[in-house]
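> coords below, sequence missing:
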Ligand SMILES: Nc1ncnc2c1ncn2[C@@H]1O[C@H](COP(=O)(O)OP(=O)(O)OP(=O)(O)O)[C@@H](O)[C@H]1O
């Protein structure tokens with residue numbers, strides 16, 4: 001994947017990077033029987049940010065959301081919202097709301113009454129109620145559909161009713177568990193853009209932050225200001241999408257985000273020497289001699305070299321270059337992925353753009369990449 005097009009990070013002030021965070025989780029731990037599902041997790045959510053919790057199945061994402069919403073309590077650790085300890089505070093008294101999937105709408109109630117439900121339970125009535133519901137429906141672009149029943153709406157419209165219902169109480173923090181999960185591909189992208197725009201409006205108007213759970217890396221990278229990658233009940237890296245993608249900290253993150261090539265070796269003569277005669281030069285100061293090291297190398301940072309196929313004498317040890325044979329070519333629509341077999345049996349995935357015709361299977365090719373493409377990993 002290329003750098004994310006059209007991303008304009010929100011200014012620091014709007015994102016509340018100064019001052020205390022909106023939400024702080026301190027050493028949050030949750031066990032179910034013998035299983036530790038959240039393992040001393042620390043996290044800060046800033047005012048007005050769109051934060052994505054990204055992780056595989058069972059990594060503890062939903063459990064964390066449930067603790068923040070107040071549907072479940074931690075075994076140890078604390079949750080502070082604007083400095084206030086949330087322990088013992090029931091869900092309806094937290095300035096936090098959870099958006100449920102559209103199938104949780106009441107089928108016998110109109111759109112208006114579905115959205116009004118929570119406010120009515122709080123005793124809001126009459127003109128004040130109508131104003132708040134209209135405002136929430138306008139936020140999600142459903143002004144004209146207040147009288148409809150959910151069955152007379154499209155999937156995307158139902159999703160927006162669910163959103164309006166969770167926004168009507170003007171939460172400081174909105175929690176979204178796989179909000180796009182039930183939608184098909186086309187609707188997913190459109191709804192994603194809408195969600196991003198809506199969050200920006202709410203952030204400007206009232207500093208609302210979104211925390212979205214997803215197992216879809218593209219969704220997390222394209223929507224969020226910051227992404228936290230969860231593994232085994234811990235956050236293994238929290239960063240902007242760009243930093244996470246360009247500088248993954250661990251093998252897990254590198255593999256989870258876009259399938260980087262992982263190259264292992266030992267440092268000798270200032271270069272990382274890997275199997276098959278591959279030598280890598282790292283940007284910056286060379287690592288200590290003899291150290292074992294793993295490097296992530298993104299498929300799209302590798303280029304086909306223009307030279308003739310046969311390597312010149314001594315070329316095998318040229319850093320950041322490899323000679324190999326095309327094993328497979330996968331057409332991806334906006335380009336292709338080429339699997340290149342290297343001497344010694346290793347292989348590299350190489351991503352080519354739409355303007356680069358892939359070499360045929362079996363072709364002998366040479367590859368090159370810049371020092372900055374070699375990203376050393378912590379483990
Ligand atoms: N109430 C519970 N009792 C027992 N085990 C639970 C309970 N809730 C969650 N778990 C377990 O905790 C682990 C984490 O669950 P959680 O739903 O937080 O994961 P997740 O990252 O949201 O996964 P998914 O993407 O599959 O929803 C899972 O192994 C799950 O089976």
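Thanks, I have the structure now. Just so it is clear, the model here is predicted, and its values are computed rather than measured.
> which residues touch the closest residue to the ligand within the stretch 201-350 of the chain?
The ligand sits closest to residue 215 of the stretch 201-350 of the chain, with a gap of 5.1 Å, by Cβ to the nearest ligand atom. (C-beta placed from N, C-alpha, C; glycine too.) Neighbour list for residue 215: 54-57, 61, 178 [criterion: Cβ atoms under 8 Å, 6 or more residues apart in numbering].
> next one: residue 260
Per Cβ under 8 Å, 6+ apart, neighbours of residue 260: 248, 254, 296-299, 375.
> Enumerate every residue touching the nearest residue in space to residue 143 that is not next to it in sequence.
Counting by Cβ to Cβ, 6 or more residues apart in numbering, residue 143 lies nearest to residue 137, which is 5.5 Å off, once chain neighbours are set aside. With contact taken as Cβ under 8 Å, 6+ apart, residue 137 is in contact with 111-112, 115, 143, 145-146, 164.
> In a helix, residue 137, correct?
Yes: secondary structure of residue 137 (DSSP: H, G, I helix; E, B strand; the rest coil): part of a helix.
> where along the stretch 251-379 of the chain do the strands fall?
261-268, 271-274, 279-280, 292-297, 303-304, 321-333, 335-341, 347-352, 364-368, 375-376 (DSSP state E, counting those that start in this stretch).
> Quick one: list the elements packing against the fourth one.
Under the contact criterion of 3 or more Cβ pairs under 8 Å, 6 or more residues apart in numbering; DSSP states H and E, strand 292-297 touches helix 251-256, strand 261-268, strand 375-376.
> strands paired with it, and their directions?
The pairing partners recorded for strand 292-297 under DSSP bridges are strand 261-268 (antiparallel), strand 375-376 (antiparallel).
> Kindly report the same for the fifth one.
Paired strands of strand 303-304, with direction, are strand 364-368 (antiparallel) (DSSP bridges).
> returning to what we had before: is it possible to get CSV of the strands of the stretch 251-379 of the chain that adds mean neighbour count and mean pLDDT?
Shown next, in CSV, are these (neighbours: other Cβ atoms under 10 Å; pLDDT from 0 to 100):
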stretch, mean neighbour count, mean pLDDT
strand 261-268, 16, 92
strand 271-274, 20, 92
strand 279-280, 20, 93
strand 292-297, 19, 93
strand 303-304, 18, 91
strand 321-333, 16, 92
strand 335-341, 19, 94
strand 347-352, 20, 94
strand 364-368, 17, 94
strand 375-376, 18, 92
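> so can I have TSV of those showing distance to the ligand?
Output for those, formatted as TSV (distance: least, Cβ to the nearest ligand atom, whole Å):
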stretch	distance to the ligand
strand 261-268	24
strand 271-274	34
strand 279-280	34
strand 292-297	23
strand 303-304	36
strand 321-333	26
strand 335-341	26
strand 347-352	26
strand 364-368	36
strand 375-376	26
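> how about these, which one is nearest residue 242?
Judged by Cβ to Cβ, the one of the strands of the stretch 251-379 of the chain that comes nearest to residue 242 is strand 375-376, at 13.0 Å.
> that older thread, now the helices and strands packed on strand 292-297 as JSON lines including distance to residue 66?
Below are the helices and strands packed on strand 292-297 laid out as JSON lines (distance: least, Cβ to Cβ, whole Å):
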{"stretch": "helix 251-256", "distance to residue 66": "23"}
{"stretch": "strand 261-268", "distance to residue 66": "34"}
{"stretch": "strand 375-376", "distance to residue 66": "34"}
